[in-house]
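> Turn this into a structure:
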Amino acid sequence: MAIKKLWVEEYRPSTFDEYIFQNQEQKKQFIQMVEAKEIPHLLLSGSQGTGKTSMSKMLVGLLGIDPMDILLINASKDNSVENIRERIYSFATTFALGAFKVIQLEEADMLTYNAQTALKDILEETQDTCRFIFTCNHENKIIPPIKSRLQHFHFKASPKDEVLMRAGEILVTEEIEFDMQLLEKYVSTYYPDIRKIINALQQNTVNGKLVSPTSSDDSTVDYQFEMLDLIESGDLRALRKLICANVQKEEYESVYRFLYENIHKAKKFKAQDAYETAIVTIASYLYKNGAVADPEINFAACCIELDRI
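Predicted coordinates:
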């Protein structure tokens, strides 16, 4: 039985022409690096699914780095001081087969403070033989002594219409039958995370047709899909229960962003005054989210206030 290919890897960009750049100056700088066959230590930041990992992998591929000269670490799983000292230091200080070694540190903002402090010394000691590519969602969690040693590129989400077009191209290439309205709903549900969109489309393709998560026995109904339905129906009480039952403490920031992107779809917020009041309310509770002791209670209060508009 053939192994099912993952669309997210199959359609990951491998050249600059395939990559959707939101900043042409960034594109010029990355092209110059590849042409010079040299990169500085890099920090690639941005929200989930905005192309940070794709850029990291693409740079390594275009530079022709030998696979033996590459170390990939996911800091959300390996973020201790011991891991930094043992795995990274031992790799960074050994002989490179090519011009230099590359350490790709995914989700670097999950590194502990002590681990980052240990990493600072390794950056200095191995700068002639090793390059680091950090990717993170929150660059403010990278300590200044490290950030100052990295060239920083911030990645913004691609416009929703471009993501929709890309998703449609993948379905057409895979010869998948789909309804445009359903595809738009998938994109709205998971935007701006392109990776999640592509994975959801593949997961919910049954017998060559894109289906709703609720209509397939083989798929799982994601709370975000339900969340969009509840926003559109204006059922904020049910929305509050759904989110509080499914969302982890660190995920609430993305929930507020989702609300901001989609609140206009609710009938009660179609009027401009109501919509603007809703946006101000969401912004207020998003601001409080970083300081409150219990984000769940904060979000519940946000839903109650929105319901009273």
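> and this structure, what are its domains?
7-12+22-154, 160-221, 227-309 (automatic domain parsing).
> Same list, the ones you listed, but as a markdown table with mean pLDDT please.
Shown next, in a markdown table, are the domains of the chain (pLDDT from 0 to 100):
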| stretch | mean pLDDT |
| --- | --- |
| domain 7-12+22-154 | 91 |
| domain 160-221 | 86 |
| domain 227-309 | 89 |
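> Now tabulate these in a markdown table and tack on mean neighbour count.
All C-beta spots, glycine's among them, are computed from the backbone N, C-alpha and C. Formatted as a markdown table, the domains of the chain follow (neighbours: other Cβ atoms under 10 Å):
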| stretch | mean neighbour count |
| --- | --- |
| domain 7-12+22-154 | 17 |
| domain 160-221 | 16 |
| domain 227-309 | 16 |
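> how much space is there between the residue lying closest to Thr281 once chain neighbours are set aside and Ser284?
Sequence neighbours aside, Glu305 is the residue nearest to Thr281 in space, at 5.3 Å (criterion: Cβ to Cβ, 6 or more residues apart in numbering). Look at Glu305 and Ser284: by Cβ to Cβ, to the nearest Å, they are 8 Å apart.
> What of Asp78?
Counting by Cβ to Cβ - Asp78 and Ser284 are separated by 37 Å.
> ok, now Leu72?
40 Å.
> go on, Ala301?
As judged by Cβ to Cβ, Ala301 and Ser284 stand 10 Å apart.
> got the contact list for Leu72?
Gln104, Glu106 (Cβ atoms under 8 Å, 6 or more residues apart in numbering).
> who's it bridged to?
Gln104 (DSSP bridges).
> which SSE is the residue nearest to Cys303 when sequence neighbours are not counted in?
Of all residues beyond its chain neighbours, the one nearest Cys303 is Arg240 (4.0 Å), with distances taken as Cβ to Cβ, 6+ apart. Secondary structure from DSSP states H and E places Arg240 in helix 236-246.
> can you list the residues that contact that helix?
223, 226-227, 230-231, 255, 296, 299-300, 303-304, 306-307.
> at 10 Å what do you get?
Contact with helix 236-246 is made by 222-224, 226-231, 233, 235, 251-252, 255, 258-259, 263, 266, 268, 295-297, 299-309, as judged by Cβ atoms under 10 Å, 6 or more residues apart in numbering.
> and if you look at stretch 294-308?
Here stretch 294-308 has contacts from 231, 234-241, 243-245, 247-253, 255-256, 259, 263, 266, 268-269, 274, 277-278, 281-282, 284-286, 288-292, using Cβ under 10 Å, 6+ apart.
> can you tell me which of those are in helices?
Secondary structure assignment by DSSP state H places 231, 236-241, 243-245, 252-253, 255-256, 259, 274, 277-278, 281-282, 284-286, 288-289 of the contacts of stretch 294-308 in helices.
> Measure how the helix or strand containing Phe225 sits relative to helix 236-246, angle-wise.
Per DSSP H and E, Phe225 falls inside helix 223-233. Using axes from the mean of the first three to the mean of the last three Cα atoms, to 10 degrees, the direction of helix 223-233 lies 170 degrees away from that of helix 236-246.
> for helix 223-233, packing partners?
When contacts are defined as 3 or more Cβ pairs under 10 Å, 6 or more residues apart in numbering; DSSP states H and E, helix 223-233 sits against helix 180-190, helix 194-203, helix 236-246, helix 252-262.
> Can you show me the CA trace of the third one as PDB?
What that stands for is helix 236-246. Taking C-alpha atoms only, helix 236-246 is exported to PDB below (Å, rounded to 0.1, in the frame of the first residue of the first chain):
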ATOM      1  CA  LEU A 236     -22.200  34.200  21.500                       C
ATOM      2  CA  ARG A 237     -23.200  32.200  24.500                       C
ATOM      3  CA  ALA A 238     -22.600  28.900  22.700                       C
ATOM      4  CA  LEU A 239     -19.400  30.400  21.300                       C
ATOM      5  CA  ARG A 240     -18.200  31.100  24.900                       C
ATOM      6  CA  LYS A 241     -18.900  27.500  26.000                       C
ATOM      7  CA  LEU A 242     -17.200  26.100  22.900                       C
ATOM      8  CA  ILE A 243     -14.000  28.100  23.300                       C
ATOM      9  CA  CYS A 244     -13.700  27.700  27.100                       C
ATOM     10  CA  ALA A 245     -14.000  23.900  26.600                       C
ATOM     11  CA  ASN A 246     -11.400  23.600  23.800                       C
END
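> What angle do helix 252-262 and it make with each other?
Between helix 236-246 and helix 252-262, the angle comes out at 150 degrees (the same axes, to 10 degrees).
> next one: the second one
Using the same axes, to 10 degrees, the direction of helix 194-203 lies 80 degrees away from that of helix 252-262.
> repeat for the first one
Comparing the axes of helix 180-190 and helix 252-262 via the same axes, to 10 degrees yields an angle of 140 degrees.
> Give me the residues contacting helix 180-190.
Here helix 180-190 makes contact (Cβ under 10 Å, 6+ apart) with 48-49, 160-161, 163-168, 171, 176, 178-179, 194, 196-201, 204, 210-213, 222-229, 231-232, 258, 261-262, 265.
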